[in-house]
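1. Okay, here's the prediction I keep looking at, along with the sequence it came from:
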Amino acid sequence: MGMRLEMDSITKSYGSLTANADVHFTLGKGEIHALVGENGAGKTTLMRILYGMESPTSGQIRIDGKPVAFASPSDAIRHKIGMVHQHFMLFPSFTIAENIVIGREPARAGTFDRKSAAAETIALGQQYGMPVDPWKKIEDCSLGMQQRVEILKVLHQGAEIIVLDEPTGVLTPLEVKELLQAIKLLAAQGKSFILISHKLQEIMEVADRITVLRDGKVTGTVEAGQTDVEQLSRLMVGRELAKIGKSALKKGVKVLDVSALSVKGDKTKPLLSDVSLQVHAGEIVGIAGISGNGQSELLQAISGLMKSDSGEVHLLGNNVTGASVRDIRQQGLAHIPEDRYQWGVAKDATVADNGLMGHADKHQRLGILNGGRIRGMVGEWVQRFGIKTGSVHTKAQYLSGGNLQKLIVARELAQKTPFLIAAEPTRGVDVGAMEIIHSELLHKREEQGAILLVSSELTEIMKLSDRILVMFEGRIVGELDAETATEEQISLLMAGGKAGG
């Protein structure tokens, strides 16, 4: 089989930093080739080069055997390369059809022909087994449907090579299944896929070949049928990963008590409706749910970022309903926030200064901060969590997303508070960092910390939790024992169904 794409000896340097070093990557017609590696391994740089967003320092790209050089994404699109980014690039107030045909709109008598656009969209969806409603606005679509629109958009542009960057990060388990089926169907029709993902289990299900990058170099290209998750993890991190086990549950005092909490919101449905839950010392309570079902509002109401309309929050027996964020933190709360950029870091501040945030009171005497002690403490976190940074004086904006996440997790765990909210604690981090974060959370549990865990990763919820609560449309619709719960039961509740029904 002739190769549709060859990336040959690709090297990309930024001053003294080499993001890609002599990388070879090929893609056949109808092939699904996964690209995996830890954060900062060079996956994104390689794909930016392929999509014309960066130029290689050296090396060559060939499409169907012919050398090409892309100065921009439009060059790549002309060569039938399409990219579906991690953060969707759609116009929320436009319809599905308008988003799909944008840039190639059908016209009639010089004006945009909406009926033709809708008909084209329906035909496209049918052709590729990805049906959509052309008249529906993007803002009313689930994330899974938005992603389907992104894929149809690149197919409408004529893409034969499709790059999917972390495509399942925000999808429900059912949407993940549908996406993987759609990729297989499209590959059977001759489309070629490059799949960038952290999720090795999913990759094993769908990929034909897998290329692993570590520190900008290829550490192996393997046939999916001849490898396993353990081998891929070793190639990614250069060592064996520890098997993390959970010790027996030793439940202590009630640390968090939320009773009948409601938040009205400005739409017809309440954001939170009569939510009650408890978390005890020494246990991890996981909250599963499709993003946007009230988890964010619950965490914000508990931590003081949002005022509730009714109900109460007690922390260690103290009523903290409506208290300030600062007061609640001082009562014993630490918080790994779901959106690290909005709530977690100040990008212009240094790594050391970010290590202080929310907890500065503990590191000062008579209003003067103890700089040496702070730098030493943050330096220890950098070592323990493997945070890649020039120094603790580096500005946070120069850290990759995964390294920022590790910094926030280290900071919040270091407070040794009785209660921790861990929202999406491993979002955007690689398998090596995930291993560290999971073992640190379990260590806190063993030391009788109480943890409320919110994650869109069902495997993470099932691995770490003692009890699992499922949220749907602002309510808790089920409670399951993590030891006996199945993925199917949880998925059904997440989609608004009944457990066991």
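-> It's in.
2. Low-confidence stretches in the protein?
-> Along the chain, the model assigns pLDDT under 70 to residues 1, 109-110, 240-243, 267-268, 340-345, 356-373, 497-501.
3. Residue ranges of each domain in it, please.
-> Listed by automatic domain parsing, the domain ranges of the chain are 3-237, 253-332+417-501, 346-416.
4. and the closest residue to residue 328 other than its chain neighbours, what does it touch?
-> Spatially, and ignoring its direct neighbours in sequence, residue 328 is nearest to residue 304 (4.5 Å; Cβ to Cβ, 6 or more residues apart in numbering). C-beta coordinates here come from the backbone N, C-alpha and C atoms, glycine included. Counting by Cβ atoms under 8 Å, 6 or more residues apart in numbering, residue 304 touches 320, 322, 323, 324, 325, 326, 327, 328.
5. you'd agree the second one is up against residue 309?
-> No: Residue 322 is beyond contact range of residue 309, at 10.7 Å (criterion: Cβ atoms under 8 Å).
6. Now do the shared contacts for the two.
-> Shared contacts of residue 322 and residue 309, defined by Cβ under 8 Å, 6+ apart, are absent.
7. can you redo the domains of the chain as a markdown table with distance to residue 244?
-> What follows is the domains of the chain, written out as a markdown table (distance: least, Cβ to Cβ, whole Å):
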| stretch | distance to residue 244 |
| --- | --- |
| domain 3-237 | 13 |
| domain 253-332+417-501 | 5 |
| domain 346-416 | 15 |
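8. if we compare those domains, which one ends up closest to residue 246?
-> Residue 246 lies closest, by Cβ to Cβ, to one member of those: domain 253-332+417-501, at 6.0 Å.
9. Please list all residues in contact with residue 488.
-> With contacts defined as Cβ under 8 Å, 6+ apart, residue 488 has no neighbours.
10. Likewise for residue 99?
-> Going by Cβ under 8 Å, 6+ apart, residue 99 touches 90, 91, 138, 149, 153.
11. what's the helix or strand for the last one?
-> Under the assignment given by DSSP states H and E, the secondary-structure element containing residue 153 is helix 143-156.
12. and the helix or strand following that helix, which strands flank it?
-> Downstream of helix 143-156, the next assigned helix or strand under DSSP H and E is strand 161-165. Using DSSP bridges, strand 161-165 pairs in its sheet with strand 81-84 (parallel), strand 192-196 (parallel).
13. Dump the ones you listed to CSV, plus distance to residue 19 and mean neighbour count.
-> Putting the strands paired with strand 161-165 into CSV (distance: least, Cβ to Cβ, whole Å; neighbours: other Cβ atoms under 10 Å) gives the following:
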stretch, distance to residue 19, mean neighbour count
strand 81-84, 18, 24
strand 192-196, 15, 23
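14. host element of the nearest residue to residue 450 once chain neighbours are set aside?
-> Of all residues not flanking residue 450 in the chain, residue 255 sits nearest, at 3.6 Å (Cβ to Cβ, 6+ apart). Using DSSP H and E, residue 255 sits in strand 254-263.
15. Show me what that strand pairs with in its sheet, parallel or antiparallel.
-> Strand 254-263 is paired, per DSSP bridges, with strand 272-280 (antiparallel), strand 310-315 (antiparallel).
16. residues in contact with the residue nearest to residue 450?
-> The contact partners of residue 255, by Cβ under 8 Å, 6+ apart, come to 279, 280, 281, 315, 316, 332, 418, 419, 450.
17. Nearest to residue 295, out of the strands paired with strand 161-165?
-> Across the strands paired with strand 161-165, residue 295 has its closest neighbour in strand 81-84 (25.3 Å, Cβ to Cβ).
18. how distant is the closest one from the center of its chain?
-> Put simply, strand 81-84 sits 19 Å off its chain's centre (Cα atoms, centre = their mean, to the nearest Å).
19. what about the strands in the stretch 1-150 of the chain?
-> Ranges of strands within the stretch 1-150 of the chain are 3-14, 17-28, 32-37, 58-63, 66-68, 81-84, 107-108, 111-112, based on DSSP state E, counting those that start in this stretch.
20. taking those together, which one is wrapped up most tightly?
-> Most buried of these, by mean neighbour count (mean count of other Cβ atoms under 10 Å): strand 32-37, with a mean of 25.
21. Strand partners (parallel or antiparallel) of that one?
-> strand 192-196 (parallel), strand 209-214 (parallel).
22. Make JSON lines from those strands and add distance to residue 63 to it.
-> Output for those, formatted as JSON lines (distance: least, Cβ to Cβ, whole Å):
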{"stretch": "strand 192-196", "distance to residue 63": "11"}
{"stretch": "strand 209-214", "distance to residue 63": "18"}
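23. which stretches of the stretch 401-501 of the chain form strands?
-> Under the criterion DSSP E, counting those that start in this stretch, the stretch 401-501 of the chain contains strands at 419-423, 450-454, 467-472, 475-481.
24. So for residue 115, which of those sits nearest?
-> Across those, closest to residue 115 is strand 467-472 (Cβ to Cβ), at 36.9 Å.
25. how far out from the middle of the chain is that closest one?
-> 20 Å.
26. Show me what that strand is packed against.
-> On a contact count with 3 or more Cβ pairs under 8 Å, 6 or more residues apart in numbering; DSSP states H and E, strand 467-472 meets strand 284-288, strand 475-481, helix 487-494.
27. Mind doing that once more with 10 Å?
-> Contacts defined by 3 or more Cβ pairs under 10 Å, 6 or more residues apart in numbering; DSSP states H and E place strand 467-472 against strand 272-280, strand 284-288, helix 295-303, strand 450-454, helix 458-464, strand 475-481, helix 487-494.
28. Make a markdown table out of these and add distance to residue 171.
-> Output for those, formatted as a markdown table (distance: least, Cβ to Cβ, whole Å):
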| stretch | distance to residue 171 |
| --- | --- |
| strand 272-280 | 24 |
| strand 284-288 | 14 |
| helix 295-303 | 16 |
| strand 450-454 | 16 |
| helix 458-464 | 11 |
| strand 475-481 | 20 |
| helix 487-494 | 11 |
